[in-house]
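> need a 3D model of the following:
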Amino acid sequence: MRLLFFTLFPELITPYFQVGVLGRGLKKGLFSIEVVNFRNYSKNRWQKVDTPVAGGGAGMVIDNIALRRGIEEKRRLYPNSRIIFLTPTGKQFTQKDGVRLAKEETLFLVAGRYQGFDERLIEDLAEELFSVGDYILSGGELPALIVADAVLRNLEGVLGNADSLKGESFGSGGLEGPLFSKIGEIPEILKSGHHRKIEEWRRQLGLLKTQFHRPDLLPL
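Here you go, the predicted structure:
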């Protein structure tokens, strides 16, 4: 898989892939990343990419020039790509989206800044819009990294143990059951060695956690 991040702050993206399971996965060649500073596609002498909001209003908006040129150039290089804009107006990103997008060949993750994108960019180029929550951030870099992490950990070989994906929260619609280290006092059932009973116990407690913390995930 190939990931392209479109951002005005490349230095926020690259450190995330220097450590942990994603750092190891990148070194193994299980995926590749490219960070595109779309300011480089600006046509004005000052490399400005923001303009006042048409019709008035506070703040600035990413204009319809530099980012468009950057995406279109990279799309010609990678025609089998899926273009995703990170914006508070998008659909809530979920675990199911992460699993689904892990099957793509190339993902473009477009991080906004200022008040947002010129709407023509979204209408002409975006294939999906994602939000990571009902709150406002300073930019789309964190949401882009969240999406990337959730997608990449579903690639074969990225996690050291593929079984780590089994039973995770949201994978089956609910929350994962409680986990304990082997140090100190733990529930007796975890010492039993009866894996089927342990799995059922975890499933039941996962259901209780879901009922308490996230009842919105349960069927009506």
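> what's the spacing between the most centrally placed residue in the chain and Arg202?
The structure's the chain has its C-alpha centroid closest to Val147; by Cα atoms, centre = their mean the separation is 0.5 Å. According to Cβ to Cβ, to the nearest Å, Val147 and Arg202 sit 28 Å apart. C-beta coordinates here come from the backbone N, C-alpha and C atoms, glycine included.
> just checking: what are the partner strands of the helix-or-strand element of the chain with minimal mean pLDDT?
None of the helices or strands of the chain scores lower by mean pLDDT, DSSP states H and E than strand 50-52, at a mean of 80. Partner strands and pairing direction for strand 50-52 (DSSP bridges) are strand 60-62 (antiparallel).
> show me the biggest helix of the protein in terms of residues.
Counting residues, the longest helix found in the chain (DSSP state H) is helix 195-213.
> contacting residues around it?
With contacts defined as Cβ atoms under 8 Å, 6 or more residues apart in numbering, helix 195-213 is touched by 167, 169, 174-178, 187, 189-190, 192, 217-218.
> so which of those is the closest to Leu137?
Of all the contacts of helix 195-213, Ser169 has the smallest distance to Leu137: 22.6 Å, by Cβ to Cβ.
> what pLDDT is listed against that closest one?
Note on Ser169: pLDDT of 53.
> Ser164 now?
The predicted local confidence for Ser164 is 54.
> dihedrals phi and psi, Ser32?
In terms of degrees, to the nearest 10, the main-chain angles of Ser32 are phi -130, psi 160.
> how far away is it from Met1?
Noted for Ser32: a distance of 8 Å to Met1, by Cβ to Cβ.
> got it, and Asp118?
From Asp118 to Met1 the distance is 29 Å (Cβ to Cβ).
> longest strand in this protein, please.
Longest strand of the chain, by residue count under DSSP state E: strand 81-92.
> partner strands of that one and their direction?
strand 106-111 (parallel), strand 128-131 (parallel).
> now the element after the shortest one, going C-ward?
Helices and strands here follow DSSP states H and E; after strand 128-131, the next one along the chain is helix 141-152.
> Gln115 contacts Asp63, correct?
No. Using Cβ atoms under 8 Å as the test, Gln115 is too far from Asp63 to be in contact (11.8 Å).
> between the two, which one's more packed in?
Using other Cβ atoms under 10 Å as the criterion, Gln115 and Asp63 rank with Asp63 on top: 21 against 14.
> out of the strands paired with strand 81-92, which is the most enclosed?
strand 106-111 (a mean of 24; mean count of other Cβ atoms under 10 Å).
> for that strand, what is the average pLDDT?
If you average the pLDDT values across strand 106-111, you get 97.
> residues making contact with stretch 24-38?
1-8, 10, 13-14, 17, 49, 66-67, 69-71, 74, 148, 152, 155-158.
> change it to 6 Å
1-6, 10, 13, 17, 66-67, 70, 152, 155, 157-158 (Cβ atoms under 6 Å, 6 or more residues apart in numbering).
> thank you kindly, that will do.
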